[in-house]
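Trainee: Let me see the structure of the following:
(chains A and B)
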Amino acid sequence: MAADAGTGTSSAPAIELRCISKAFGPVRANRDISLVVRRGTIHGIVGENGAGKSTLMSILYGFYKADAGEILIGGRPVQIGDSQDAIRAGIGMVFQHFKLVEPFTVLENVILGTEDGALLKPSLAKARGTLRQLAADYELEVDPDARIEDLGVGMRQRVEILKALYRQADILILDEPTGVLTPAEADHLFRILENLKSQGKTIILITHKLREIMAATDTVSVMRRGEMTATLRTADTSPAELAELMVGRKVLLRIDKSPARPGRRVLEIEKLCVTDAQGIARLSDVSLSVRAGEILGIAGVAGNGQSHLLEVLGGMRPATGHVRIDGKELDLSGPGCDGRSRRAAGIAHVPEDRQREGLIMPFHAWEDSVFGYHSDPALQSAPGLMDNARIRSRAGDQMARFDVRPPNPDLAAQSFSGGNQQKLVLAREIERNPDLLLVGQPTRGVDIGAIEFIHRRILELRDAGKAVLLVSVELDEILGLSDRIAVMCGGRIMGERLASDTDETELGLMMAGMKGKAA
Amino acid sequence: MDFPTLLQVLDSTVRLATPLLLACLAGLFSERSGIYDIGLEGKMLAAAFCSAATAAVTGSVWLGLLAGIGGSMALAGLHGLSAITFRGNQLISGVAINFLAAGLTVVLAQDWFHQGGRTPSLLGGARFEAIALPFAETLRPVPVLGPVYAELISGHTLLVYVAALLVPASWWVLYRTRFGLRLRAVGENPEAVDTAGVSVQATRYAAVAICGLLCGLAGAYLATALQAGFSRDMTAGRGYIALAALIFAKWRPWQALGATLLFGLLQAVALRYQNIELGGVGLPVQVMDALPYILTVVILAGFVGRAIPPRAGGEPYVKER
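Mentor: The predicted structure is shown next:
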């Protein structure tokens, strides 16, 4: 499909950027970026976090003004001062975090900002017709009267695409569009994008998933440290080459691991149930076990109970049922249901949302390095008094061992990149040598280089004979890292598989709620 | 309670609910756009003073009304500047405005009129007169409906009718116009509005200006219709009661009408029954006077079910990164 790139109907490229530069204080987020995006193609942009992709797109969409450089749309130079200018120039943007008004209906969200007059009625009627047309043209069916808060993420994303199309966008920019989608939803999205392409729209796809770049794009541009390092025809490149261009060195994409040597049962979960404050069952009769020296991966679309499972095991949420660590029953709803007693039982927890639950962002890295373990007498100079000097030097050592950059314990947690924040949390939890490590979304928002490191550390813990329970929405990660995989849907376990004899298709079906055949 | 007494109590409910309703709608516009406003009290007080002072000097209630609106909108502008342009803390700004109004009105009143922090009593054309609706006297003999029309519906000042009309008007603006859509959107998710190419700041300023206008009406009503002149702290916490009513109404106009009528009723009852006997024990007058405030506390403590405020309420809008 890359072959027809450049043979579009018009000779002028859809977008041409010439020598765009943008600095934030001393940080040069974009340096002399030049880019040509041909009309009627899907153009991928890859790069690590902080490589400058988002800054570049924000310049295109009028959030920032470039310090230098030129933007040409359809061959004509344009000034994009705000989002309104970008919309007028035919650019539509689908953000990673949707920009939708949740209590509003789909229709209201679509017309917001492009109403035809002071009264809503005519605009709503017109949008209803246009939406019906767009749905027919591009497989973009959405109930126009549904409230956004009642829609799933896949549908919300369609609304964002519809918003852009309703504004007659010719160029659609999608920022990490598949992060929140099931494999089936992602496939549907790519069908929609193909469809849009065939009708002459130009699509820019920003993603860190190389598989998607290879599957969906015609051309791919790689950014590293604010510079555009290469633009290649997708057909002429490979994931390994792209990864190397992104990181600047060779990267191991496949997770290399030895076979597991499972030992005793460390964690046993029996008939675990959780009902939330609204009376909705979040976990129903979940039974699982994890052995020493193995990684059990929990696959599932976000919001199907995995988070609740982690929270129950981590002592953050009460539940009913039984959980045993090395045969010892845990208190699931009484006074012993807290993080401290879970840690005492040998459970370490790397929570899914590291910024909210794993770290206190404004605190120094060394302060963050003791949370959860601050009552350890070894870290106190006298009962109740923290031995700060010792904690600091210990944190420095930990940071060096976990390759945190920069290895400065006096920096605030928020001044580290996502990957380095994750390493701070991992260091704290793994260095305690737990019997069971709970780890949620270990590489969400983490650069390729750091992903490799984090995966290796988790495997090392397994090989040291510890049990690991891994929750991730990234199927690749689940498949690569786990020894056994359990799939959750709607708060239930749909089935268990050995990682070695399942694949993405089967897991995808189970994630969508289809019962797997008996394991 | 006999029928004429009931009518009297209800009649005074309408009078007392009017400033609450105006202030509540003012808060509704502001908070729906994401700007919390605990400065309703201060704006009303400033408006009461400005209108009474101007009406006293010029003898014209209309000039008084304009001055009241002007004073209230000036403070609203100050709140907007601090909350929208300078992204300050909206609660602190509101508290500051309340203090400013409480102090400044008394000081200016004393300096200008030398009557112990009051304005002179307003007479004749310096006050809003009651309006008799057509056929009020003709219909009075009709049983039940006649007195209801003549006593309860007819015979209020202009601002009472304006306040009543503002309820459907607010509903229509919020839910049927482009401006209303944008205003509600900006209070829920300003980013959505910004990326749609609409100015978050302009929309919020417009909402705050409407808030100022309505608080101006409320304050002017207090000083030139309900009473005849300004006196120290004459708003007596009505701004806070209006906020409680706003939460009770879950930020919706028709419900705001109901909520403020309820508070008005309590105030009317307290006014009418200063000494009430309950099971042989005489309730002190203070207990009755405290009724509306007790209800305020009860509502604010969350006994009326979950009220979900606009999601972006209280947060200054900063563009990403």
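Trainee: Need the CA coordinates for stretch B:121-140. PDB is fine.
Mentor: Output of stretch B:121-140 as PDB, limited to C-alpha atoms (Å, rounded to 0.1, in the frame of the first residue of the first chain):
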ATOM      1  CA  SER B 121     -34.500  56.700  53.800                       C
ATOM      2  CA  LEU B 122     -35.700  56.500  50.200                       C
ATOM      3  CA  LEU B 123     -39.000  58.100  49.500                       C
ATOM      4  CA  GLY B 124     -41.400  58.300  46.500                       C
ATOM      5  CA  GLY B 125     -39.600  58.000  43.100                       C
ATOM      6  CA  ALA B 126     -36.400  56.800  44.800                       C
ATOM      7  CA  ARG B 127     -38.100  53.400  45.500                       C
ATOM      8  CA  PHE B 128     -39.700  50.800  43.300                       C
ATOM      9  CA  GLU B 129     -43.500  51.000  43.700                       C
ATOM     10  CA  ALA B 130     -45.800  48.000  43.900                       C
ATOM     11  CA  ILE B 131     -47.400  47.300  40.600                       C
ATOM     12  CA  ALA B 132     -51.100  46.400  40.500                       C
ATOM     13  CA  LEU B 133     -51.800  43.900  37.800                       C
ATOM     14  CA  PRO B 134     -54.900  44.500  35.600                       C
ATOM     15  CA  PHE B 135     -58.200  43.500  37.200                       C
ATOM     16  CA  ALA B 136     -56.600  42.800  40.600                       C
ATOM     17  CA  GLU B 137     -59.400  44.800  42.400                       C
ATOM     18  CA  THR B 138     -62.100  43.600  40.100                       C
ATOM     19  CA  LEU B 139     -61.300  40.000  40.600                       C
ATOM     20  CA  ARG B 140     -60.700  40.200  44.400                       C
END
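Trainee: list the contacts for B:A102?
Mentor: B:G42, B:L45, B:D233 (CB atoms under 8 Å, 6 or more residues apart in numbering or on different chains). (Glycine included, C-beta is placed from N, CA and C.)
Trainee: What residues does chain A have near chain B?
Mentor: Residues of chain A found near chain B (CB under 8 Å from any CB of the partner chain) are A:54, A:58, A:61, A:63, A:82-84, A:86-87, A:93, A:95, A:99-104, A:108-109, A:111-115, A:117-121, A:123, A:163.
Trainee: now do 6 Å
Mentor: Within reach of chain B by CB under 6 Å from any CB of the partner chain, chain A has these residues: A:S83, A:Q84, A:I87, A:K99, A:L100, A:V101, A:L112, A:G113, A:E115, A:A118, A:L119, A:L120.
Trainee: among the residues you listed, which are in helices?
Mentor: A:S83, A:Q84, A:I87, A:L120 (DSSP state H).
Trainee: How about residues contacting the one helix or strand A:G449 maps to?
Mentor: Following DSSP states H and E, one finds A:G449 within helix A:448-463. Identification of contacts with helix A:448-463 by CB atoms under 6 Å, 6 or more residues apart in numbering or on different chains yields A:243, A:247, A:251-252, A:255, A:257, A:295, A:403, A:419, A:430, A:437, A:442-443, A:468, A:481.
Trainee: Mind doing that once more with 7 Å?
Mentor: A:48, A:243, A:246-247, A:251-252, A:255, A:257, A:260, A:293-295, A:403, A:419, A:422-423, A:426, A:430, A:437, A:439, A:442-443, A:446, A:468, A:481 (CB atoms under 7 Å, 6 or more residues apart in numbering or on different chains).
Trainee: quick one, what contacts whichever residue of chain A sits closest to chain B?
Mentor: Residue nearest to chain B within chain A: A:G113 (2.8 Å; CB to the nearest CB). Residues in contact with A:G113 (CB under 7 Å, 6+ apart) are B:V193, B:A196, B:G197, B:V198.
Trainee: Spatially nearest residue to the third one, not counting backbone neighbours?
Mentor: With sequence-adjacent residues excluded and distances taken as CB to CB, 6 or more residues apart in numbering or on different chains, B:G197 is closest to A:Q84, at 3.5 Å.
Trainee: just the last one next, same as before
Mentor: Counting by CB to CB, 6+ apart, the nearest residue to B:V198 once its immediate chain neighbours are dropped is A:G113, at 4.7 Å.
Trainee: how near is that neighbour to B:A185?
Mentor: In this view, A:G113 and B:A185 are 9 Å apart by CB to CB, to the nearest Å.
Trainee: ok, and the most crowded of the contacts of A:G113?
Mentor: With neighbours defined as other CB atoms under 10 Å in any protein chain shown, the most crowded of the contacts of A:G113 is B:V193; it has 29 neighbours.
Trainee: hang on, it packs against B:A185?
Mentor: Yes: counting by CB atoms under 7 Å, B:A185 is a contact partner of B:V193 at 5.0 Å.
Trainee: one step back: please check the residues of chain A next to chain B and keep the buried ones.
Mentor: A:S83, A:Q84, A:I87, A:K99, A:L100, A:V101, A:L112, A:G113, A:E115, A:L120 (16 or more other CB atoms under 10 Å in any protein chain shown).
Trainee: could those residues go into CSV alongside pLDDT?
Mentor: What follows is these, written out as CSV (pLDDT from 0 to 100):
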residue, pLDDT
A:S83, 87
A:Q84, 88
A:I87, 91
A:K99, 92
A:L100, 95
A:V101, 95
A:L112, 95
A:G113, 91
A:E115, 92
A:L120, 94
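Trainee: For the closest residue to B:G88 other than its chain neighbours, which three-state class applies?
Mentor: Spatially, and ignoring its direct neighbours in sequence, B:G88 is nearest to B:S82 (4.1 Å; CB to CB, 6+ apart). Recorded secondary structure, B:S82: helix (DSSP: H, G, I helix; E, B strand; the rest coil).
Trainee: Sounds good, over and out.
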